[in-house]
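[1] Any chance you can model this:
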Amino acid sequence: MTSVECVLTCSLEVLRLCDLYTDVYFSSQTMINIVFTAGTTFLLLSARTSAHPGAFDTLTALRHFDQCSDILRTMAWPSAKLLYDILKRMKQDWHPTAPTAPAPPPGPPSLQELQDPNSEMFQYLTRMGWVPPTVAPQAPPPARLQPPQPEVNFDMQLAQLFGGESDGSVFDRESRNLTLKRLITTTG
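    This is a model prediction of the structure:
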């Protein structure tokens, strides 16, 4: 087996491995590098087969290349998006006439675009009956935070009820028992 055949076999196995995943979005960082390498291999093979026909079909190599770039595009890591862009530019350099993957749909219109009466989006929406808001809605003022209340323990409450003094420390047992007896006799 030649080195080109070994590399081709490995790259095809990478695609097969990615097909086993139900969702490559949460793939590891290592998988990103492996898929990028496989995509580069398929791109090199497509250029080689255009110069030396018969070894591996150019369209098949480009189809496998597109699979690798699609896998990178769907991964969550920012580095996967960067490597996807690199592969896309490499394909444009090496095969300028080859079809590229469709561009992702445009995002929502910007606020500036919606406020500019000369923009295409503004004119389109107004033809449909949209009226731009005259005044931006005011956000409610933030709620005022209440200062934390001092913690009142049972002894302090008893002292307040019966006119005793408490500095917040625990009463001794005798005064507590007397206070409880007074409380029971007055409420009972």
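
[2] State the distance from residue 21 to residue 87.
    Between residue 21 and residue 87 the computed distance is 19 Å (CB to CB, to the nearest Å). In short, each C-beta sits where N, CA and C put it, glycine included.

[3] more neighbours, these two?
    residue 87 (23 against 12; other CB atoms under 10 Å).

[4] domain parsing for the protein?
    If you go by automatic domain parsing, the domain ranges for the chain are 3-94, 154-187.

[5] Mean neighbour count, these: which tops it?
    Highest mean neighbour count among these (mean count of other CB atoms under 10 Å): domain 3-94, with a mean of 16.

[6] now do the same end-to-end measure for it.
    22 Å (CA to CA, to the nearest Å).

[7] per-residue confidence averaged over it?
    On average, the pLDDT along domain 3-94 is 85.

[8] for the one helix or strand residue 92 maps to, packing partners?
    Using DSSP states H and E, residue 92 sits within helix 78-94. Helices and strands touching helix 78-94, by 3 or more CB pairs under 8 Å, 6 or more residues apart in numbering; DSSP states H and E, are helix 29-51, helix 58-74.

[9] Redo these as TSV? Include distance to residue 2.
    Putting the helices and strands packed on helix 78-94 into TSV (distance: least, CB to CB, whole Å) gives the following:
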stretch	distance to residue 2
helix 29-51	12
helix 58-74	16
